[in-house]
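Visitor: no sequence for this one, just the structure:
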């Protein structure tokens, strides 16, 4: 086996190794950059910048523990590295340690009040905690320094939209870049509100399945605006369900082959609310706007029959773990819902797919339930199940939007930290899903017990009224 030769402690050698490592970093050779930074620190242990860059590389590699250690060593050696403080704060924020992240950002701004990223990150962090007035001030300061700063514009959109200030929020939401790879494939121009009579338009997917389910309702408005053809590009698991959407002419799976010049315009789903000047009192809210297939309804009906008149309740307690706020929006485990098991006259059905599925078996001694999730191949089948349930109780994930879209009563548990803007503030209902959606908000970050207790009380009342 061959290893790196030992390096004597020498400041000049350390500096030379640091510059060589940085050249590798800039060239994208991260493995070699790491080796050289470590050698630089052996030769020159007080080289704060080497610790900082090594922290960045460890963070990119997904090793948050090592990254934090190197950031802290860098700042112990030189506490006046403003940009390192911003990077350190961003990592702390991603790990949801908000107090320490805020302190890092504020220290960075004391050192350099012109750091746009520090203002933007601080505003985003405060907004995630519901400190909206402070967040707005910091984000506007970032935009005063750089009016086109993408993250600051997006973060301000988040704050404004959650407050219901949609007229100002929609244009700022255009700073998102989730659809960038698609934009490069399309030869037609993006639709900015031009007359659609006799024209064709492609509506492209955004982010997760829930976003597509939520905003696909605008297809009907495009058709009503005179579009001759409205096609929808979406994830394969949504195609059968989206075929039931009013106004859609063709549903195209992302993994299918399609011509890039087949339309007059294209538009991302989340741009449509702004194009149609959507307000909380002016939005497409006809429920249902998606429908379950009759054959699938019949197929799944046998699983959902009850002879005792029990309330049939579907459960989903975890979302996609790759979502940035999943640790807060998802329940740590199914066990947190145990208070619901004490409500008489209820039969539970698990809608959980993927992560969390195994918890149904683990919880069976406390509460047997029908595990439907593994048997649901796509959202069309899930819709057929959900449509025949009396109630769905879920965290903020695609199942919530599916229940709302097909018109099944749905109770959504929302986190205190970074609740999504679409649920607005302090409301227990949603204008997006009138008459079918009820919101249960967490009061304190990480503490679901009072929220679940409120759900238990509501479920007891609901079951008793049958």
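Guide: Structure received. Because the structure is a prediction, the values reported are computed rather than measured.

Visitor: do you know how far the residue nearest the centre of the chain is from residue 210?
Guide: Taking Cα atoms, centre = their mean, the centroid of the chain lies closest to residue 323, which sits 4.7 Å from it. Between residue 323 and residue 210 the distance is 10 Å, computed by Cβ to Cβ, to the nearest Å. Every residue, glycine included, has its C-beta placed from N, CA and C.

Visitor: re earlier: quick one: contacts for the residue nearest to the centre of the chain?
Guide: Applying Cβ atoms under 8 Å, 6 or more residues apart in numbering to residue 323 gives the contacts 208, 329.

Visitor: how far does the helix-or-strand element of the chain with minimal mean pLDDT sit from the chain's center?
Guide: In the chain, no helix or strand scores lower on mean pLDDT, DSSP states H and E than helix 180-183, which sits at a mean of 75. Centroid displacement of helix 180-183 relative to its chain, using Cα atoms, centre = their mean, to the nearest Å, is 19 Å.

Visitor: That one: what's the following helix or strand?
Guide: The element immediately downstream of helix 180-183 (helix or strand, assigned by DSSP states H and E) is strand 200-204.

Visitor: Looking at that next one now, give me its mean pLDDT.
Guide: Mean per-residue pLDDT for strand 200-204: 96.

Visitor: Identify all contacting residues around that strand.
Guide: 179, 182, 186, 188, 191, 216, 218-219, 222, 227-233, 262-269, 272.

Visitor: Likewise for stretch 450-462?
Guide: Outside stretch 450-462, the residues that reach it (Cβ under 8 Å, 6+ apart) are 311, 313, 336-337, 339-340, 342-343, 346, 391, 393, 411, 413, 438, 440-444.

Visitor: So which of those sit within strands?
Guide: Residues of these located in strands (DSSP state E): 311, 313, 346, 391, 393, 411, 413, 438, 440-441.

Visitor: Turn those into a markdown table, columns for neighbour count, pLDDT and distance to residue 35.
Guide: A markdown table is the format used below for those (neighbours: other Cβ atoms under 10 Å; pLDDT from 0 to 100; distance: Cβ to Cβ, whole Å):
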| residue | neighbour count | pLDDT | distance to residue 35 |
| --- | --- | --- | --- |
| 311 | 20 | 95 | 61 |
| 313 | 22 | 97 | 55 |
| 346 | 21 | 95 | 59 |
| 391 | 21 | 98 | 57 |
| 393 | 28 | 98 | 51 |
| 411 | 21 | 98 | 53 |
| 413 | 25 | 98 | 46 |
| 438 | 17 | 98 | 56 |
| 440 | 18 | 98 | 51 |
| 441 | 18 | 98 | 49 |
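
Visitor: which one of those residues sits closest to residue 331?
Guide: Nearest to residue 331 out of the ones in strands among the contacts of stretch 450-462 is residue 413 (Cβ to Cβ; 7.5 Å).

Visitor: before we move on, the earlier item: of all the ones in strands among the contacts of stretch 450-462, which comes closest to residue 359?
Guide: Relative to residue 359, and with distances defined as Cβ to Cβ, the nearest of the ones in strands among the contacts of stretch 450-462 is residue 393, at 15.0 Å.

Visitor: thought the closest one was touching residue 311?
Guide: No. Residue 393 is beyond contact range of residue 311, at 11.0 Å (criterion: Cβ atoms under 8 Å).

Visitor: If we ignore the residues flanking it in sequence, what's nearest residue 55?
Guide: Counting by Cβ to Cβ, 6 or more residues apart in numbering, residue 70 is the residue found nearest to residue 55 once chain neighbours are left out, at 3.5 Å.

Visitor: What is the neighbour count of the one you found?
Guide: 25 (other Cβ atoms under 10 Å).

Visitor: distance of it from residue 92?
Guide: Taking Cβ to Cβ, one finds residue 70 at 14 Å from residue 92.

Visitor: Now do the strands in the protein.
Guide: Secondary structure of the chain (DSSP E): strands located at 200-204, 229-234, 250-253, 265-268, 311-316, 346-350, 370-371, 391-395, 410-414, 437-441.

Visitor: now those as CSV including distance to residue 99?
Guide: Below are these laid out as CSV (distance: least, Cβ to Cβ, whole Å):
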stretch, distance to residue 99
strand 200-204, 39
strand 229-234, 40
strand 250-253, 45
strand 265-268, 36
strand 311-316, 31
strand 346-350, 36
strand 370-371, 40
strand 391-395, 25
strand 410-414, 22
strand 437-441, 22
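
Visitor: Show me the one of the ones you listed that comes nearest residue 56.
Guide: Here strand 265-268 is closest among the strands of the chain (Cβ to Cβ), at 31.0 Å.

Visitor: What's the mean pLDDT across the closest one?
Guide: pLDDT averaged over strand 265-268 gives 96.

Visitor: For that strand, which helices and strands make contact with it?
Guide: Secondary-structure packing of strand 265-268 (3 or more Cβ pairs under 8 Å, 6 or more residues apart in numbering; DSSP states H and E): strand 200-204.

Visitor: so what strands line up beside the strand it packs on?
Guide: Looking at strand 200-204 with DSSP bridges, its partner strands are strand 229-234 (parallel), strand 265-268 (parallel).

Visitor: who touches the nearest residue to residue 88 once chain neighbours are set aside in this structure?
Guide: In space, and not counting its chain neighbours, residue 88 is closest to residue 71: 4.2 Å by Cβ to Cβ, 6+ apart. Residues in contact with residue 71 (Cβ under 8 Å, 6+ apart) are 51-52, 55, 84, 87-88, 91.

Visitor: For residue 209, the count of nearby residues, please.
Guide: For residue 209, using other Cβ under 10 Å, the count is 20.

Visitor: what's the spacing between the residue nearest to it when sequence neighbours are not counted and residue 383?
Guide: In space, and not counting its chain neighbours, residue 209 is closest to residue 398: 4.2 Å by Cβ to Cβ, 6+ apart. Relative to residue 383, residue 398 is positioned 11 Å away (Cβ to Cβ).

Visitor: Touching, residue 420 and residue 397? I think so.
Guide: No. Contact status for residue 420 versus residue 397: not in contact, 10.5 Å apart, counting by Cβ under 8 Å.

Visitor: confidence score at the spatially closest residue to residue 324 that is not a sequence neighbour?
Guide: Counting by Cβ to Cβ, 6+ apart, residue 324 lies nearest to residue 94, which is 7.6 Å off, once chain neighbours are set aside. Per-residue confidence at residue 94 stands at 92 (pLDDT).

Visitor: Same check on the one 10 residues further on?
Guide: Residue 104 carries a pLDDT value of 98.

Visitor: List the contacts of it.
Guide: Applying Cβ under 8 Å, 6+ apart, we find residue 104 in contact with 85-86, 88-89, 92.

Visitor: Go through these and name the one nearest residue 17.
Guide: Nearest to residue 17 among the contacts of residue 104, with distances taken as Cβ to Cβ, is residue 88, at 23.1 Å.

Visitor: which residues of the stretch 1-150 of the chain fall in helices?
Guide: Secondary structure of the stretch 1-150 of the chain, counting by DSSP state H, counting those that start in this stretch: helices at 11-27, 30-43, 48-60, 64-77, 82-94, 98-111, 116-128, 132-145, 150-162.
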